[in-house]
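> The amino acid sequence is not available; the structure is as follows:
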């Protein structure tokens with residue numbers, strides 16, 4: 001009976017995803033499996049910032065300015081930023097992406113597999129990963145200059161490792 005219930009929850013995409021929800025110190029899951037067909041950059045040996053965003057989220061728009069600055073400053077030093085949009089409608093995702101012209105990788109989580117696995121607590125939420133693929137910092141929300149300063153300190157420390 002218990003096995004049948006777990007199987008049913010797994011088929012519905014419930015239960016197991018939240019049990020495995022990433023925490024600081026856990027390994028970043030293979031994003032290709034969570035974002036099938038998405039054009040993802042190579043991340044092996046890189047510091048990676050995975051950012052969940054939505055077109056309806058005002059702080060997400062503000063965070064894109066910061067993420068763009070971080071990309072400009074640190075991409076050549078080994079930082080990869082992947083913005084994962086969670087909009088239900090592809091048109092909303094595309095319009096936001098076109099308007100905000102991010103220089104980093106943007107992908108649409110159209111099947112909500114990545115969002116279901118990560119279960120971001122708010123929009124935006126980001127996960128900063130070291131060169132070994134371990135989640136080192138989780139940011140819930142975006143608080144302007146405060147969050148940007150935290151990103152800079154954390155990224156510089158991870159790039160120096």
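Sure thing, it's come through. Remember, it's a predicted structure, so these values are computed and weren't measured experimentally.

> now the helices: where do they sit in the protein?
Listed from the start of the chain, the chain has helices (DSSP state H) covering 2-12, 16-19, 31-34, 58-74, 90-100, 113-118, 145-160.

> Minimum distance to residue 43: which of the ones you listed has it?
Nearest to residue 43 among those is helix 31-34 (7.6 Å), distances taken as Cβ to Cβ. Where C-beta positions appear, they are placed from N, C-alpha and C, glycine not excepted.

> Show the average pLDDT along that closest one.
Averaging pLDDT along helix 31-34 gives 93.

> What are the buried residues along that helix?
Going by neighbour count (16 or more other Cβ atoms under 10 Å), the buried part of helix 31-34 is 31, 34.

> So which elements touch it?
helix 113-118 (3 or more Cβ pairs under 8 Å, 6 or more residues apart in numbering; DSSP states H and E).

> how far does the helix it packs on sit from the chain's center?
10 Å (Cα atoms, centre = their mean, to the nearest Å).

> gap between residue 88 and residue 128?
Residue 88 is 27 Å from residue 128, where distance means Cβ to Cβ, to the nearest Å.

> the more surrounded of those two?
Using other Cβ atoms under 10 Å as the criterion, residue 88 and residue 128 rank with residue 128 on top: 24 against 10.

> wouldn't that one be in contact with residue 139 here?
Yes: if you go by Cβ atoms under 8 Å, residue 128 and residue 139 touch, sitting 7.3 Å apart.

> joint contacts of the two?
residue 151 (Cβ atoms under 8 Å, 6 or more residues apart in numbering).

> now this structure, which segments are flagged as low pLDDT?
For the chain, the stretches flagged by pLDDT under 70 are 1-20.

> which one is residue 43 nearest to, not counting chain neighbours?
Nearest residue to residue 43 in three dimensions, chain neighbours excluded: residue 80, at 5.4 Å (Cβ to Cβ, 6 or more residues apart in numbering).
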